[in-house]
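Asks: Test case, fold it:
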Amino acid sequence: MKESLPNKSDSIFKDEINPDYGAWLKNPANKFFLYSEGYKEAGKKLWEFCIENRFYSNTLIYPLVFNYRQFLELRLKELIIMGYKYLDKEKDFSDEHSLIRLWNTYRNEILPQIEQIDKDILDNVERIISQFNSEDPQSMSFRYPVTRGPNRKDSLNRETIDLNNFKTVIDKLIYFFDWQWDMISHYEDLKAEMIADMYREYWH
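Replies: I've put the predicted structure just below:
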């Protein structure tokens with residue numbers, strides 16, 4: 001029993017010893033992308049596990065939904081950063097968890113200056129984001145069973161959730177936001193090439 005309890009030599013965070021069992025935290029790659037992809041993949045793995053092991057659905061549903069919500073929040077914030085950078089604006093995302101407010105920033109302040117996308121597509125994306133935001137407005141409902149004090153109440157009002165429907169719809173949101181990420185990245189690359197060409201012409 002004693003071996004199963006923490007002892008004086010234990011330290012929960014240690015530097016990697018074997019790369020087969022370690023992970024790179026300060027990766028020089030795109031940090032927002034790594035974080036958002038990590039939460040997305042974690043949600044996917046949890047969903048797959050729940051489908052194959054129905055017994056665990058009632059406990060793993062909370063981290064499952066939270067991971068996907070965290071992906072959406074991070075991807076929106078990353079798109080806002082990317083969009084403002086492409087537009088040469090020294091602005092940033094607001095420090096908040098509201099998906100709908102982050103979406104409104106991207107849809108209304110950034111996207112119209114970059115690409116014209118069918119209004120029906122944007123309206124449908126917004127409708128689903130609004131639904132998610134209503135269920136979990138501050139990214140707390142799937143992390144804690146009760147709200148903040150002093151007058152605590154249940155975090156969730158919904159009794160059940162259809163896992164297959166949730167995965168189908170979240171995958172559509174993921175497809176949209178991956179499209180947006182690829183689109184801005186492509187335009188940013190074209191912009192960088194154009195600037196490089198201008199410098200070459202100027203100096204030659």
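
Asks: and stretch 10-27, what's its mean pLDDT?
Replies: On average, the pLDDT along stretch 10-27 is 86.

Asks: Rank the helices and strands of this protein by mean pLDDT and give me the bottom one.
Replies: helix 163-203 (a mean of 89; mean pLDDT, DSSP states H and E).

Asks: Quick one: list the elements packing against that one.
Replies: If contacts are counted by 3 or more CB pairs under 8 Å, 6 or more residues apart in numbering; DSSP states H and E, helix 163-203 sits against helix 31-52, helix 57-86, helix 119-135. C-betas here are computed from N, CA, C, even on glycine.

Asks: And those helices: which comes nearest Met1?
Replies: Closest to Met1 of the helices and strands packed on helix 163-203, according to CB to CB: helix 57-86, at 25.6 Å.

Asks: Run the angle between that closest one and helix 31-52 for me.
Replies: Inter-element angle recorded for helix 57-86 and helix 31-52: 160 degrees (by axes from the mean of the first three to the mean of the last three CA atoms, to 10 degrees).

Asks: burial measure for the residue lying closest to Gln70 once chain neighbours are set aside, as a count.
Replies: Counting by CB to CB, 6 or more residues apart in numbering, the nearest residue to Gln70 once its immediate chain neighbours are dropped is Tyr39, at 4.3 Å. Per other CB atoms under 10 Å, the neighbour tally for Tyr39 reads 20.

Asks: Which pLDDT value goes with Tyr39?
Replies: Looking at Tyr39, its pLDDT stands at 97.

Asks: swap in Phe32?
Replies: For Phe32, the pLDDT comes out at 86.

Asks: what's around the residue lying closest to it once chain neighbours are set aside, how many residues?
Replies: Spatial nearest neighbour of Phe32, excluding adjacent residues (CB to CB, 6+ apart): Glu78 at 3.8 Å. Using other CB under 10 Å, Glu78 has 21 other residues around it.

Asks: Glu78: what's it in contact with?
Replies: By CB atoms under 8 Å, 6 or more residues apart in numbering, the residues touching Glu78 are 30, 32-33, 36, 181.

Asks: ok, now with 10 Å
Replies: Going by CB atoms under 10 Å, 6 or more residues apart in numbering, Glu78 touches 30-33, 35-36, 93, 177, 180-181, 184.

Asks: Buried only: go through those residues for me.
Replies: If you count burial by 16 or more other CB atoms under 10 Å, the buried members of the contacts of Glu78 come out as 33, 35-36, 93, 177, 180-181, 184.
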